[in-house]
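Engineer: What follows is a predicted protein model with its sequence.
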Amino acid sequence: MQQGKTLASTLSWKLNLKKSSNKTPDKRHRLPSSQEVGDEFEHQAEQFLLAQGLVLIQRNYWCKLGEIDLIMASGDTLVFIEVRYRRQADFGGALASITPAKQQKLRRAALNYMQAQRLNEAAQACRFDVIAFEGSALHWLENAF
C-alpha cells in the first residue's frame with residue numbers, strides 16, 4: 001500500500017452506501033418485517049463500530065456466493081462483519097447461529113469482494129468479526145473465525 005494512504009481512502013471511491021427508504025407512509029399499525037429489524041440492528045452495529053474507530057467501506061455487499069453485512073477497515077486491515085440478532089438465547093443464541101457452513105459462505109463472499117476490488121488476497125490483512133445482539137445486549141467478537 002502506498003505510504004500515507006489508508007485502506008479506507010484507497011477504497012473510498014468505490015463506496016456504494018445504500019440508504020434505507022421508508023416506502024410505507026404509516027408504520028404504526030403493523031409490526032416491522034424481519035428485514036426492517038435486521039436493518040436496524042445492522043445500523044446499530046455500524047454506529048458502534050464507527051465509535052470504536054473502524055471506517056465504513058460498504059454495507060450489504062452481495063454476490064452470488066453470499067452477502068456480507070458490513071465491510072469496514074481497521075487501519076490497513078479489511079474487516080468483514082456479520083451481524084446477528086436473536087430476541088432470546090434459545091437454541092444457542094446469536095453467536096451459535098454462525099454455523100461452519102455460514103462461515104464458509106462468508107469467506108467465499110469476502111474472497112469474491114477482494115477479487116472484485118483487485119486486492120491481493122494473499123497480501124491483504126483481513127479478519128471476520130461478528131456483532132451479536134441478544135435482546136438489547138451487543139457482543140463484539142473480533143477475529144471470530
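Structural biologist: That came through, no problem. Numbers count the residues shown, from 1 in each chain.
Engineer: Does residue 134 touch residue 86 like I think?
Structural biologist: Yes - between residue 134 and residue 86 there is a contact at 5.5 Å, judged by C-beta atoms under 8 Å. No exception for glycine: its C-beta is placed from N, CA and C like everyone else's.
Engineer: Which parts of this protein are strands?
Structural biologist: 55-63, 66-74, 77-86, 126-134, 137-141 (DSSP state E).
Engineer: how deep is residue 45 tucked in, by neighbour count?
Structural biologist: 25 (other C-beta atoms under 10 Å).
Engineer: er, residue 67 actually
Structural biologist: If we define neighbours as other C-beta under 10 Å, then residue 67 has 12 of them.
Engineer: same question, residue 70
Structural biologist: 23.
Engineer: repeat for the one 5 residues further on
Structural biologist: Counted with other C-beta under 10 Å, the burial measure for residue 75 works out to 13 neighbours.
Engineer: and the nearest residue to residue 102 once chain neighbours are set aside, what does it touch?
Structural biologist: Excluding its sequence neighbours, the residue lying closest to residue 102 (C-beta to C-beta, 6 or more residues apart in numbering) is residue 82, at 7.6 Å. Applying C-beta atoms under 8 Å, 6 or more residues apart in numbering, we find residue 82 in contact with 68-69, 98, 102, 106, 128-131, 144.
Engineer: Okay, now the unreliable bits of the chain?
Structural biologist: By pLDDT under 70, the low-scoring segments of the chain are 1-29, 31-35, 37-38, 87-94.
Engineer: thinking again about what came up before, nearest to residue 113, out of the strands of the chain?
Structural biologist: Between residue 113 and those, the shortest separation by C-beta to C-beta is 5.5 Å, and it involves strand 55-63.
Engineer: Can you list the buried residues in that closest one?
Structural biologist: The neighbour-count check on strand 55-63 (16 or more other C-beta atoms under 10 Å) flags 55-59, 61 as buried.
Engineer: could those go into TSV alongside distance to residue 140?
Structural biologist: Formatted as TSV, the buried residues of strand 55-63 follow (distance: C-beta to C-beta, whole Å):
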residue	distance to residue 140
55	16
56	16
57	18
58	19
59	17
61	20
